[in-house]
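Enquirer: predicted model and sequence below, questions to follow.
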Amino acid sequence: MSDTAIKEAMDYEKQFATNNKLKSAYWEHERTMRDIASALYSREKAGQERGEKIGQERGEKIGDKTGRQALSTLLQKLLEEGRKEEFDRLWKWAKTYMYLEEGENAGYFAWSVQPDGTKNSFGAAPDGEEFFAMALFFAAHRWGDGEGIFNYSREAKELLHTCIHKGENGEGGRAMWDASNHLIRFITDVDFSDPSYHLPHFYELFALWAKEEDRAFFKEAAEASRNYLKRACHPVTGLSAEYAEFDGTPYQPVLDQWGGRHDWYYSDAYRTIANIALDYEWFAKDEWESENVDRFLNFFCDTVQEKDRDGIFLTDGTILEGKALHPVAMTAVNAQAALASDQKNAFLCVHRFWETPLRTGDRRYYDNCLYFFAYLALSGNYRIY
């Protein structure tokens with residue numbers, strides 16, 4: 001995108017901010033946030049490639065831990081950027097050091113490991129596995145299958161098969177999806193969920209590419225997740241909790257067991273609205289998604305005062321004491337939500353995102369991960385392969 005085109009897009013943005021009559025033309029002719037985000041995406045991508053080393057990017061570092069969720073989303077990031085060499089190196093590292101060969105979670109990936117590959121935990125959480133599988137399918141379609149662990153589609157199919165069949169026929173362990181309701185679990189040990197784990201746009205594709213005998217399950221899972229999100233998101237604010245029961249109500253029974261409360265709109269929960277918007281962008285199968293995005297954006301733009309936008313909320317919008325641990329992530333997902341909206345608040349949130357720099361410091365991983373995926377989606381670069 002040339003400097004002239006960027007200036008033209010920015011000039012148009014200024015006019016739009018003061019003249020709502022331009023809105024219909026703005027969306028109709030697609031002189032949207034994609035023009036602006038595409039320029040920023042290219043700039044941020046170039047900057048990352050100049051300073052990035054794969055050894056510094058193996059995953060989320062929390063003290064001496066590397067998280068599987070970070071690794072799996074990083075694989076998706078590298079796939080979308082077309083960086084096969086780094087993708088293969090990271091996938092090999094994950095398969096070598098995180099994949100569990102034995103025990104009740106055999107066939108899954110360890111929740112966290114040290115940078116030298118020593119496992120800190122033998123537990124597993126589904127948000128990692130679903131991103132691993134999608135990244136592998138996309139890799140197969142973008143680059144073709146290779147040999148061994150680089151037979152990407154075979155690896156993805158086997159992983160998903162394990163995720164929904166584990167524990168059958170007397171085998172140890174539990175499946176990551178509940179077989180009776182087709183809903184993804186928070187972790188295999190429990191029977192409640194995390195709304196931000198629900199990726200119906202992924203399940204639609206798993207229903208096309210998984211093993212033949214597993215495709216019907218994922219087709220039903222896509223519908224089940226969309227219906228679940230209707231129950232998990234508040235009907236006025238559009239907010240969801242970090243963890244929620246299978247009926248959608250915020251999880252409360254044993255708050256201390258998981259390091260404190262998770263019945264609020266806080267860190268994990270930020271991903272939910274971004275996932276809803278991307279599902280609408282890719283498939284647009286349920287207008288509720290767009291309606292919920294509008295409620296969500298109205299809450300942050302019209303209801304909440306600016307000083308409280310980085311706050312902690314109950315799903316009904318009640319403001320709690322304290323501030324968000326990841327405020328940049330909040331700004332990023334609010335912008336990504338604009339994929340499913342044609343209201344003025346959508347553009348407002350993209351504008352705020354435009355003015356927000358990448359986060360620095362110890363907490364930067366989660367913020368900048370959601371920041372990157374927001375740019376990827378808004379610029380039209382989060383593609384199905």
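Expert: That came through fine.
Enquirer: show me the strands in the stretch 251-385 of the chain, by range?
Expert: Taking DSSP state E, counting those that start in this stretch as the criterion, the stretch 251-385 of the chain carries its strands at 264-265, 311-314, 319-323.
Enquirer: pLDDT averaged over the first one, what's the number?
Expert: What it means is strand 264-265. Across strand 264-265, the average pLDDT comes to 97.
Enquirer: strands paired with that strand, and their directions?
Expert: Looking at strand 264-265 with DSSP bridges, its paired strands and their directions are strand 311-314 (antiparallel).
Enquirer: contacts only, for the residue nearest to Asp178 when sequence neighbours are not counted.
Expert: Leaving aside its chain neighbours, Asp178 sits nearest to Arg185 (6.3 Å; criterion: C-beta to C-beta, 6 or more residues apart in numbering). No exception for glycine: its C-beta is placed from N, CA and C like everyone else's. Residues in contact with Arg185, defined by C-beta atoms under 8 Å, 6 or more residues apart in numbering, are Pro126, Arg174, Ala175, Met176, Trp177, Asp178, Asp191, Phe192, Ser193.
Enquirer: how much space is there between Arg185 and Asp127?
Expert: Distance from Arg185 to Asp127, counting by C-beta to C-beta, to the nearest Å: 11 Å.
Enquirer: how about Asn181?
Expert: From Asn181 over to Asp127 (counting by C-beta to C-beta), the distance is 18 Å.
Enquirer: neighbour count winner among the two?
Expert: Taking neighbours as other C-beta atoms under 10 Å, Asn181 and Asp127 compare with Asp127 leading, 23 against 16.
Enquirer: quick check: the more buried one touching Pro195?
Expert: No - when contacts are counted by C-beta atoms under 8 Å, Asp127 is not listed as touching Pro195 (11.1 Å).
Enquirer: re the thing from before, mind checking which of the strands of the stretch 251-385 of the chain is nearest Val113?
Expert: Among these, the nearest to Val113 by C-beta to C-beta is strand 264-265 (29.3 Å).
Enquirer: show residues contacting the closest one.
Expert: Here strand 264-265 makes contact (C-beta under 8 Å, 6+ apart) with Leu239, Ser240, Ala241, Glu242, Pro250, Ile312, Phe313, Leu314, Thr315, Leu320.
Enquirer: and the third one, which of the three is it?
Expert: Three-state call for Ala241 (DSSP: H, G, I helix; E, B strand; the rest coil): coil.
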